[in-house]
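Asks: show me how the following folds:
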Amino acid sequence: MIVYQSWIINKAMGITAVEQRGIIDSFTAIDFETSTASRTSICQIGLVRVENWKVTEQVSLLIQPPQNHYLYQYTRVHGIKAAHTKTAPTFDMAWSSMEPYITNQHVIAHNGFAFDFPVLRDTLLYYGLEVPPFQGHCTLKIYKRNLAFLCETYNIPLNHHDALSDAMACAKLFMLHHGVAIH
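Replies: A predicted model of the protein is given here:
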């Protein structure tokens with residue numbers, strides 16, 4: 001049995017540490033790219049659903065950030081520009097298709113507690129949407145190394161800063177952590 005520390009993001013938007021025992025074989029791995037330093041500026045979402053250790057869904061969505069505003073230094077990292085998202089849905093329009101993969105689920109992200117989970121929370125609040133309960137897990141906390149290094153070490157394909165590729169890499173790292181073969 002694997003024992004590790006995980007977190008619950010509750011409706012009151014607090015983060016509470018809990019000890020979790022056992023193996024989690026179904027979860028959602030997520031990754032967000034943002035257009036600015038604002039945590040409400042999601043411009044791409046990557047979501048990978050794993051059930052019984054099998055990838056069952058992969059979703060990549062371009063999202064129009066508020067005012068479709070981008071800063072060059074963010075575009076330089078992920079390559080997404082205002083022209084790419086000018087007709088994309090805003091987060092509030094896309095949320096209903098994502099919500100079932102988040103609410104009451106185990107949600108995995110690399111650097112989740114410092115970035116992805118606060119980005120999700122702040123963006124939901126920005127659009128006046130309820131923050132659902134979910135149990136967050138962070139592969140950065142598990143491995144204590146950056147995503148690119150881990151992918152190179154474990155021979156996981158990575159198109160870094162493409163949200164779907166980052167989410168898939170995170171899902172595979174979480175499976176490896178549980179002793180599941182990924183190739």
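
Asks: contacts for stretch 66-85, please.
Replies: 33-38, 40-41, 43-44, 62-65, 86, 90, 126, 161-163 (CB atoms under 8 Å, 6 or more residues apart in numbering). For glycine as for every other residue, the C-beta is placed from the backbone atoms N, C-alpha and C.

Asks: can you tell me which of the residues you listed are buried?
Replies: 33-36, 38, 40-41, 43-44, 62-65, 90, 126, 161-163 (16 or more other CB atoms under 10 Å).

Asks: now intersect the contacts of stretch 66-85 with the strands, please.
Replies: In strands, defined here by DSSP state E, the members of the contacts of stretch 66-85 are E33, T34, C43, Q44, L62.

Asks: ok, and for stretch 92-102, which residues are buried?
Replies: Residues A94, W95, M98, Y101, I102 are the ones in stretch 92-102 that count as buried (16+ other CB under 10 Å).

Asks: what about the fourth one, distance to T56?
Replies: When distance is defined by CB to CB, to the nearest Å, Y101 is 10 Å away from T56.

Asks: swap in the second one?
Replies: Applying CB to CB, the value for W95 to T56 is 20 Å.

Asks: likewise the third one?
Replies: Plainly put, M98 is 15 Å away from T56 if you go by CB to CB.

Asks: is the one residue sitting closest to the centre of the chain in a helix, a strand, or coil?
Replies: Nearest to the mean C-alpha position of the chain, by CA atoms, centre = their mean, lies I30 at 2.2 Å. Put simply, I30 is strand when judged by DSSP: H, G, I helix; E, B strand; the rest coil.

Asks: isn't it right up against H110?
Replies: No: the pair I30 / H110 is not scored as a contact, 9.7 Å apart, by CB atoms under 8 Å.

Asks: list residues touching both of these two?
Replies: With CB under 8 Å, 6+ apart, I30 and H110 have common neighbours D116, C170.

Asks: where does the chain have low pLDDT?
Replies: For the chain, the stretches with pLDDT under 70 are 1-22, 183.

Asks: all strands for it, in order.
Replies: With DSSP E as the criterion, the chain has strands at 3-9, 15-21, 27-34, 42-51, 54-62, 106-109, 134-138.

Asks: list the beta-bridge partners for the residue nearest to D166 when sequence neighbours are not counted.
Replies: Spatial nearest neighbour of D166, chain neighbours left out: D31 (3.9 Å); criterion: CB to CB, 6 or more residues apart in numbering. Beta bridges link D31 to G46 when assigned by DSSP bridges.

Asks: for L61, same thing?
Replies: Per DSSP bridges, the residues bridged to L61 are I45.

Asks: looking at it, it is touching A94, isn't it?
Replies: Yes: using CB under 8 Å, L61 is in contact with A94, at 5.6 Å.

Asks: remind me, longest helix of the chain?
Replies: The longest helix of the chain (DSSP state H) is helix 163-177.
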